[in-house]
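K.L.:
need a structure here:
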Amino acid sequence: LFIGTCIVPAFAQSTEKPSLPISRGNWLYVGGSGLKNYTKIQDAIDNATDGDTVFVYDDSSPYVESVVINKAVCLLGENQNTTEIEAIPVHNTITVNADNIIVSSFTIKDRGCGIRIYSNHNRIQGNIFRRIESFSISLNCEGNENIISNNYFIGAADTSITLDSDRNIISNNYFEGGSETSDGIVLAGGNYNTIKNNDFRNNRNLIHNFPWNSA
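P.N.:
You can find the predicted model right below:
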């Protein structure tokens, strides 16, 4: 299996919060004090349609649920430091199944896998992944042309990003390992991926290529 990857290192770069596109649909709200606000993120997503934005207030954090996104929505937290999602044990915190999804401004922490992506053209940006037990983000072979940018990966027990798909961009992220077995990015497969302007601290391997690959 050949992996075509362009790697551009950087040190101590700024991970400023990126801008988001203006929503072309309706806004649904989770938490907060609005009369029709949802109490669970999943309930809001289930009632959204393609193009909607699900905005999550931080007053009910942490939201303990495993979220599955099957629609092209923008999932937006109020504040990346205080809007927390914590997975149900042995589940992914967020599973991305549809194309053109944005996940931004959350702290995703603790159990299981942070985000698993099985689809294309998604953007994971401006989040904090803290003390994830397994993979913080897993880009599976079905998920191509995604952008992972401006995120903080702090204290991962295993791997922050595992990459097994094509033409993804991983840029302007900060990786700080949490154990002697912490890897920043693991190249498990895929072609024509770009890894640039990332900052790695205290990882066992910054970018680790599986032995059967030839990046």
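K.L.:
going forward, measure contacts and count neighbours with C-alpha atoms only.
P.N.:
OK.
K.L.:
isn't Cys74 right next to Asp50, touching?
P.N.:
No. Cys74 lies out of contact with Asp50 (C-alpha atoms under 8 Å); the separation is 9.1 Å.
K.L.:
of those two, who's got more company?
P.N.:
Comparing Cys74 with Asp50 by neighbour count (other C-alpha atoms under 10 Å), the higher total belongs to Cys74, at 27 against 18.
K.L.:
show me what contacts the more buried one?
P.N.:
Residues in contact with Cys74, defined by C-alpha atoms under 8 Å, 6 or more residues apart in numbering, are 23, 51-54, 101-104.
K.L.:
those helices in this protein, which residues are they?
P.N.:
41-46 (DSSP state H).
K.L.:
longest strand in it, please.
P.N.:
In the chain, taking DSSP state E as the definition, the longest strand is strand 193-201.
K.L.:
gap between it and the chain center?
P.N.:
15 Å (C-alpha atoms, centre = their mean, to the nearest Å).
K.L.:
tell me the helices and strands packed up against it.
P.N.:
strand 5-9, strand 169-171, strand 174-177 (3 or more C-alpha pairs under 8 Å, 6 or more residues apart in numbering; DSSP states H and E).
K.L.:
who touches stretch 29-36?
P.N.:
Contacts of stretch 29-36 (C-alpha under 8 Å, 6+ apart): 37-41, 44, 54-60.
K.L.:
could you redo those as TSV and give each row pLDDT, distance to Asn168 and neighbour count?
P.N.:
Output for those, formatted as TSV (pLDDT from 0 to 100; distance: C-alpha to C-alpha, whole Å; neighbours: other C-alpha atoms under 10 Å):
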residue	pLDDT	distance to Asn168	neighbour count
Asn37	96	35	16
Tyr38	98	33	19
Thr39	96	34	15
Lys40	97	30	17
Ile41	98	27	23
Ala44	98	28	21
Val54	98	25	24
Phe55	98	26	21
Val56	98	27	29
Tyr57	97	30	20
Asp58	95	30	21
Asp59	93	34	15
Ser60	92	33	16
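K.L.:
which of the residues you listed sit farthest apart?
P.N.:
Ala44 and Asp59 (16.3 Å; C-alpha to C-alpha).
K.L.:
show me the contacts for Ile147.
P.N.:
121-125, 168-171.
K.L.:
same deal with Ile102?
P.N.:
Per C-alpha under 8 Å, 6+ apart, neighbours of Ile102: 73-76, 122-125.
K.L.:
isn't Ser182 up against Asn203?
P.N.:
Yes. Shown here, Ser182 and Asn203 form a contact pair, counting by C-alpha under 8 Å, at 5.4 Å.
K.L.:
residue ranges with poor pLDDT in the protein?
P.N.:
1-24, 111-112, 132-135, 157, 178-181, 210-215 (pLDDT under 70).
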